[in-house]
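1. The following comprises the amino acid sequence and a computationally predicted model.
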Amino acid sequence: MKRTALYEEHKKLKARIVDYAGWDMPVQYTGIIHEHKAVRESVGVFDVSHMCIADISGDDYSKFLQLVTINDVDKLAEYQAQYSMILDEEGNVLDDIIVSKMDSFMRVVINSGNEEKIKNWFALIIKKNSFNVNILYRDDLSIIAVQGPKSIGVLEKIFNTTIELKSFRLTEFNWKGNLIDVSRTGYTGELGFEVFVDNELAASLWQAILDEGAIPAGLGARDTLRIEAGLPLYGQEIVENITAYDMGYGWVVKLLKGDFIGKDTLEKANKKKRLFGCFLNEKGVLRGGYEVVGHGKLTSGTYSPVFNAAIGMFYSNNELKENDQLNVIIRGKEVSARVIELPFIKR
């Protein structure tokens, strides 16, 4: 089992540790609801160092990334990031990623559960096209996500500077004589930042963030937060035969940029299917896999601490609008629910 550089810090905080994609990761500390509300109302901090960081350089790094991703990396300015996806030849999503343009290379953050698959895919495409590309997988870096409306204040105190950073932009800060990359990105639907720090400095920076009042949050709250924000998760909303159009992410697809892997599938895609949310009209719990009568199955489901209600996401080929009524089968019983246009949390 792999462990992040912050594993001992999680143990000190008496976190409940679980196996997540081969990593010992904290699922919760004081409780999912408390951690969730801290992020929505104040500031929470997550260890997301299990994510794979690939720094890509070489003469052909731009050509390579244009071919393997569906967004247009050539549109990125220096220290700008974009959400994108990697497809196989049949158009299936291999992973959803964040691509950032640094000073002389591109940084790709890959989901931990897809790490080996994407490493092998990258190696295959580089070899097949004889690209001059170098990939450095940054096992020496940790990622600390600081999320919530007060996140900017916490980081301004730690870095002793005013932070004026737009969404999906990056910058560098000097902390104790070390340059640290900070991106305004996250997976909670809140104002937030992801901090890339050397493993040796991770525990000190983690503690500094806690000292400024951030609440440690685990994978449990990360999941409830992302569902409220209507954000897709690989393996749940992102599966075979689902396209970016289905997810409501058609804006990521750049068909005019030239050739890329999976383009043919996207050009022919049926754009009728859509991802919707739903509220349960009565008490109960929604979980991924529950049948939504006449539509399909829930891809994700949870209890929402903000709405004090059960919420879920599902795909449908039918025309639906806000507050349309539907039924979900829970333990063999049809339970009333209503449709919500995603995201649940609208900022």
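-> Received the coordinates, thanks.
2. Could you double-check that V45 sits in contact with P216?
-> Yes: counting by C-beta atoms under 8 Å, V45 touches P216, with 5.7 Å between them. The C-beta positions use only the backbone N, C-alpha and C, and glycine is treated the same way.
3. more neighbours, the two?
-> V45 (26 against 23; other C-beta atoms under 10 Å).
4. okay, the closest residue to the more buried one other than its chain neighbours: pLDDT?
-> What sits nearest to V45 in space, not counting adjacent residues and going by C-beta to C-beta, 6 or more residues apart in numbering, is A214, at 4.2 Å. On pLDDT, A214 comes in at 98.
5. ok, now how distant is I70 from D95?
-> 11 Å (C-beta to C-beta, to the nearest Å).
6. ignore the last one, N114
-> N114 is 4 Å from D95, by C-beta to C-beta.
7. what do those two both touch?
-> Counting by C-beta atoms under 8 Å, 6 or more residues apart in numbering, the residues touching both N114 and D95 are Y234.
8. which residues touch the residue most central in space within the chain?
-> With distances taken as C-alpha atoms, centre = their mean, the residue of the chain nearest its centroid is Y187 (4.7 Å). Contact analysis of Y187 by C-beta under 8 Å, 6+ apart lists 145, 222, 225-226, 229, 231.
9. Which element, helix or strand, includes it?
-> If you go by DSSP states H and E, Y187 is not part of any helix or strand.
10. got it, and A337?
-> Secondary-structure assignment from DSSP H and E places A337 in strand 333-340.
11. Remind me what that strand packs against, helices and strands.
-> Here strand 333-340 touches strand 274-280, strand 325-330, going by 3 or more C-beta pairs under 8 Å, 6 or more residues apart in numbering; DSSP states H and E.
12. ranges for the strands of the stretch 51-200 of the chain?
-> 52-57, 80-87, 93-101, 106-110, 134-137, 141-147, 170-175, 178-183, 192-198 (DSSP state E, counting those that start in this stretch).
13. Would you tell me which one of these is buried the most?
-> Comparing those by mean neighbour count (mean count of other C-beta atoms under 10 Å), strand 141-147 ranks first with a mean of 24.
14. Quick check: beta-bridge partners of V108?
-> Counting by DSSP bridges, V108 is bridged to A54, V99.
15. Tell me the confidence at it?
-> Note on V108: pLDDT of 98.
16. Can you pull the domain assignment for this structure?
-> 2-49+140-227, 52-137, 268-340 (automatic domain parsing).
17. Please compute how far the shortest one lies from its chain's middle.
-> Okay, so that is domain 268-340. 21 Å (C-alpha atoms, centre = their mean, to the nearest Å).
18. now do the same end-to-end measure for it.
-> Its first and final residues considered, domain 268-340 spans 28 Å by C-alpha to C-alpha, to the nearest Å.
19. Quick one: residues contacting G153.
-> So G153 contacts 43, 212 (C-beta under 8 Å, 6+ apart).
20. If we use 10 Å, what do you get?
-> Applying C-beta atoms under 10 Å, 6 or more residues apart in numbering to G153 gives the contacts 42-43, 163, 212-213.
21. Please apply the same query to N178.
-> Contacts for N178 (C-beta under 10 Å, 6+ apart) come out as 197-198, 200-201, 204-205.
22. any chance of those residues in a markdown table, with pLDDT and distance to W23 too?
-> As requested, these are exported to a markdown table (pLDDT from 0 to 100; distance: C-beta to C-beta, whole Å):
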| residue | pLDDT | distance to W23 |
| --- | --- | --- |
| V197 | 98 | 18 |
| D198 | 98 | 19 |
| E200 | 98 | 19 |
| L201 | 98 | 20 |
| S204 | 98 | 22 |
| L205 | 98 | 20 |
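23. and which of these is nearest to G177?
-> Checking the contacts of N178 against G177 by C-beta to C-beta gives L201 as the nearest, at 10.1 Å.
24. The residue lying closest to the closest one once chain neighbours are set aside and L205, how far apart?
-> Closest residue in space to L201, ignoring its immediate chain neighbours: N178 at 6.0 Å, by C-beta to C-beta, 6+ apart. Look at N178 and L205: by C-beta to C-beta, they are 9 Å apart.
25. what do you get for A145?
-> To L205, A145 is 12 Å away according to C-beta to C-beta.
26. And M313, by the same measure?
-> 34 Å.
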